[in-house]
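Asker: What follows is a predicted protein model with its sequence.
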Amino acid sequence: MGGISGVNHVAAIAKDMAETASFYGEVLDVTVRKIVNDEPGHKHYSFDLGGEGTLDFFEGAPGMSGTARDTIGALNHLAVTSTPEFIDEAESRLQARGVEVHVTQRQGQKTIYFEDPNGINLQLYPSTGGSRG
């Protein structure tokens, strides 16, 4: 694989950090690995995605809005590896919160897409026991 060994982090801006932390913790069982004070009044939270990878959220400035998912160069979605059992569990948790869930099949297995409170499109992808390739 050359000199690259994995994804270190993906960074996004949170509309509401408390809501974001609640969503990732309660729905996806993701914990905050660390909170960094970048400068006075501005923090970012690193959510543990397993291994070395984190999903980092920076506190958004007051009045900030909008998404850019359909813009050239923008992040379309973030897929994270999960067990099939956890995909079913997360689907139930999402539906209980009123979050729209799109179910599809990939490589003969169930996968789900949904949005987090910040409008980020996430996918829970079933573990294949190897590389996705």
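Answerer: That came in fine, so what should we check first? Values in this document were obtained by computation on a predicted structure and should not be read as measured data.
Asker: all strands for this structure, in order.
Answerer: Assigned by DSSP state E, the chain shows strands spanning 9-14, 32-39, 42-48, 54-59, 78-82, 102-106, 109-115, 121-126.
Asker: Could you work out which of these reaches nearest to Leu94?
Answerer: Leu94 lies closest to strand 109-115 among those, at 5.4 Å (CB to CB). (Each C-beta comes from the backbone N, C-alpha and C, glycine too.)
Asker: ok so, going back, the strands of the chain: which one's closest to Tyr24?
Answerer: Per CB to CB, nearest to Tyr24 of those: strand 42-48, 5.3 Å.
Asker: Look up how far Ile87 lies from Tyr113.
Answerer: 11 Å (CB to CB, to the nearest Å).
Asker: neighbour count winner among these two?
Answerer: Neighbours were counted for Tyr113 and for Ile87 using other CB atoms under 10 Å; Ile87 has more, 19 against 16.
Asker: how far away is the more buried one from Gly41?
Answerer: From Ile87 to Gly41 the distance is 38 Å (CB to CB).
Asker: For the protein, give me the ranges with low pLDDT.
Answerer: 1, 65-73, 129-133 (pLDDT under 70).
Asker: give me that answer again for 50
Answerer: Applying pLDDT under 50 to the chain flags the ranges 133.
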